[in-house]
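A.B. asks: got a sequence here, can you model it:
(one chain, ligands or ions: 1)
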Amino acid sequence: MGGTQAVISRAALRNNLGVIRRTIPPTTRVMGVVKANCYGHSTPICVPVLRDEGIDLFGVANVAEGEQLRQSGIDETIVVLGPPIPGMMHAYGQHRLEAFVSNARMAAQLAESTPVGASVNVHLFVDTGMARNGARPDDAVELLRFINGLPQLTIVGIASHFATSDEPENTFTRQQLGLFDSTLRRATDAGFRFRDVHMANSGGIFNLPDSHYSVVRPGLSLYGYHPTESRQASSGLIPVMELRTHVANVTRFPAGVSVSYGRRYFTQQETEIATLPIGYGDGLMRTLTNKLNVLIAGTSFPVVGTICMDEVMIDLGLSSGVQPGEKAVLIGTSGERQIDAYQLANTVGTIPYEICTNISARVPRIPAD
Ligand SMILES: Cc1ncc(COP(=O)(O)O)c(C=O)c1O
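C.D. replies: The predicted structure is shown next:
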């Protein structure tokens, strides 16, 4: 098949889950974080693989994602990691979604939205340093008692989230862990028991073994990226997505010709310019203009001129021999060369999460083994 595609390697996904499992204690369970269409990697392709590999919890961002998973036949535990939103709370009971609860108001509304006789499993979410959602550690026990008094809610977990766990040996991360630990201790001293105790994202999993508890919540590392770039090469993680397209057209131009909108590139000498059918409409950020390379048959070529919505141009020189129809790799491997999402992210000052989730719905996700 030609055109632009995101090829999703199921073997890489299985490999990455294996790497994560070898990093955590055998009794610690894995909650696969599958929000935002599995960070752009395709929920319909990735979730069945994770389920077949025995993942028994899934983490999603909101109830719509949870409902989508339930409707696709997923019977495993689904935890909504974002806060319950007024107007959407009935969906937790309806689709057997578990909630992150941060305060009494949220808990009361969730209970009110749940029919008598039904029950919603909740995780007390404690803010140890993200200042996003979550209860203050000092309020946790009181809040647990309050939730316990609501017949529609069942406490099954206690959780928190790191702000800087991608930075190894970070004192703030340690501080957060200490706060979570003391909160957990106070809760258990008060008689509370939890099926799931969880804090570790990918950073916690790889950089802070003390944070593993009974459940870990990997996202990025499942999709093949170590949260700490300097550890990527030795991690054993394999990027799951290859972003590829095919050469659409090759044209010879003389020196001094301006290429694309805004005339931001001029040919230096006579050269061949190829077009590739991929642009910012596919998620290839326009800010990558004149900063991006693609790989064709193991050779790297510069993308030149402003990135268009649907196309980019590359300067082939005169001796490449590249023909229309040839495969061009934007993220992935070609011959001896490799481009990963970290390289693209560094070029424009972002993170691999954004590069991958940005690949738009227009790009077909093609499963590969
Ligand atoms: C609450 C929560 N847990 C876990 C994760 C997964 O994090 P990562 O992709 O860094 O592993 C996220 C993602 O942002 C999250 O919001």
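
A.B. asks: grab the nearest non-local neighbour of the residue of the stretch 151-300 of the chain found nearest the ligand.
C.D. replies: Closest contact between the stretch 151-300 of the chain and the ligand, by CB to the nearest ligand atom, is at Gly219 (2.6 Å). To be clear about C-beta, it is placed using only N, CA and C from the backbone, and glycine gets the same treatment. Leaving aside its sequence neighbours, Gly219 sits nearest to Val33 (CB to CB, 6 or more residues apart in numbering; 3.5 Å).

A.B. asks: bridging residues for that neighbour?
C.D. replies: Beta-bridge partners of Val33, counted by DSSP bridges, are Gly59.

A.B. asks: can you count the residues close to it?
C.D. replies: For Val33, the count of nearby residues is 25 (other CB atoms under 10 Å).

A.B. asks: my guess is it contacts Pro218. True?
C.D. replies: Yes. Counting by CB atoms under 8 Å, Val33 touches Pro218, with 6.3 Å between them.

A.B. asks: okay, and the common contacts of those two?
C.D. replies: Asn201 (CB atoms under 8 Å, 6 or more residues apart in numbering).

A.B. asks: would you mind listing what in the stretch 101-250 of the chain touches the ligand?
C.D. replies: Within reach of the ligand by CB under 6 Å from any ligand atom, the stretch 101-250 of the chain has these residues: His161, Asn201, Ser202, Gly203, Arg217, Pro218, Gly219, Leu220, Ser221, Pro227.

A.B. asks: who's in contact with Phe100?
C.D. replies: Val79, Val80, Leu81, Gly82, Pro83, Pro84, Val122, His123, Phe125, Asn133, Ala159.

A.B. asks: so it sits in a strand?
C.D. replies: Yes. Counting by DSSP: H, G, I helix; E, B strand; the rest coil, Phe100 falls inside a strand.

A.B. asks: on that earlier part again, pick out the most distant pair among the residues of the stretch 101-250 of the chain next to the ligand.
C.D. replies: His161 and Ser221 (15.5 Å; CB to CB).

A.B. asks: quick check on Glu76: phi, psi?
C.D. replies: Main-chain dihedrals, Glu76, degrees, to the nearest 10: phi -70, psi 170.

A.B. asks: and the residue nearest the centre of the chain, what pLDDT?
C.D. replies: Nearest residue to the geometric centre of the chain (CA atoms, centre = their mean): Tyr39, 3.4 Å. Here the pLDDT value assigned to Tyr39 is 98.

A.B. asks: so the residue nearest to Gly219 versus Gln71, what's the distance?
C.D. replies: According to CB to CB, to the nearest Å, Val33 and Gln71 sit 19 Å apart.

A.B. asks: which parts of the stretch 101-250 of the chain are helices?
C.D. replies: Assigned by DSSP state H, counting those that start in this stretch, the stretch 101-250 of the chain shows helices spanning 104-112, 140-148, 171-189, 202-207.

A.B. asks: could you dump those into TSV with mean pLDDT and mean neighbour count added?
C.D. replies: Formatted as TSV, these follow (pLDDT from 0 to 100; neighbours: other CB atoms under 10 Å):
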stretch	mean pLDDT	mean neighbour count
helix 104-112	98	18
helix 140-148	98	18
helix 171-189	98	17
helix 202-207	98	25
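
A.B. asks: can you put the ones you listed in TSV and add distance to Pro48?
C.D. replies: Formatted as TSV, the helices of the stretch 101-250 of the chain follow (distance: least, CB to CB, whole Å):
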stretch	distance to Pro48
helix 104-112	30
helix 140-148	34
helix 171-189	33
helix 202-207	22
